Structures are given as structure tokens and as C-alpha cells.
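Engineer: My questions concern the predicted model and sequence given below.
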Amino acid sequence: MNQPELVEKYKAQSTHYFENALGSIEAGDAEKAGEFLWGSMAQALKAVAASEERALNSHGEIRKYATELAKKHNDMSIWDVYGIANSLHGNFYEAGLSLEEVQTHAERIRAIVVKLFGLLPEES
């Protein structure tokens, strides 16, 4: 898959996961919604990395890239919201957050995903 196709694949997957998160929130499933929100954030980060011809193949690489991107753009909200998404990923297994908490986090994640999409080249 060439670089623009890979960027588009990750972007589309991010959007798909976010839509699934909203459906899970409507269904009252906080754990599943949180996991989808994590996936949306991770795929958005992978799209930006792919646009720079970088591959992120593990949670550690995604975490490191979120830090780098936050510093590069002098925007710590990227790092902060990555941390929220990562905690939602953990919530899938631990099931401690309420549906209201997940819903609140969803709005913050949506804003950062949109911001990340804004970093993509025009054709993406």
C-alpha cells in the first residue's frame, strides 16, 4: 500500500472507530465505547505518522509519537488527550469509568482527532 493510501486507511479507520464509540455510548456500553475511542485516537496518530512516512507498530511507538507531536506543535493537548484515550483502553479491562465520564472524554478525543486530521496533507 502506498503512503497516501495508508494515510487514508488509518484516517477512515479512526473515523469508523469514533462512530462505533458513539454507538456504544448510546447502547450504554462504557467499556466498549472507551476501547473504540482509544482506537480512534491511535489510528489518527498512525495516519499523521504515515503522512510523514513513519510506521507506528506498537503501543509504545504510538505513545512516543504522541509526545513528539505535542512537542513539535507546542500543543500539549495532544499528549493530554492521548493519556485520556490510553486510560479508556485500560478501562476496557478494568471497567471502572461511568458512561458519563466516557462520554465527556469522547468530546475531548473528537477535538484532538479533528486536530490531527488537520495535520494531514490536503489530499488526505
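Structural biologist: Now that the structure is in, tell me what you want to look at.
Engineer: what sits against the residue nearest the centre of the chain?
Structural biologist: Nearest to the centroid of the C-alpha atoms of the chain, with distances taken as Cα atoms, centre = their mean, sits Met41, at 0.1 Å. Each residue near Met41 by Cβ atoms under 8 Å, 6 or more residues apart in numbering is listed here: 14, 81-82, 85, 109, 112-113. (Each C-beta comes from the backbone N, C-alpha and C, glycine too.)
Engineer: try 6 Å this time
Structural biologist: Shown in contact with Met41 (Cβ atoms under 6 Å, 6 or more residues apart in numbering): 85, 109.
Engineer: what's the distance between it and Ser14?
Structural biologist: 8 Å (Cβ to Cβ, to the nearest Å).
Engineer: got it, and Glu31?
Structural biologist: When distance is defined by Cβ to Cβ, Glu31 is 20 Å away from Ser14.
Engineer: quick one: least confident helix or strand in the protein?
Structural biologist: When the helices and strands of the chain are scored by mean pLDDT, DSSP states H and E, helix 76-94 comes last with a mean of 86.
Engineer: what's the helix or strand following that helix packed up against?
Structural biologist: Under the assignment DSSP states H and E, the closest C-terminal helix or strand after helix 76-94 is helix 99-118. Using 3 or more Cβ pairs under 6 Å, 6 or more residues apart in numbering; DSSP states H and E, the elements in contact with helix 99-118 are helix 30-51, helix 76-94.
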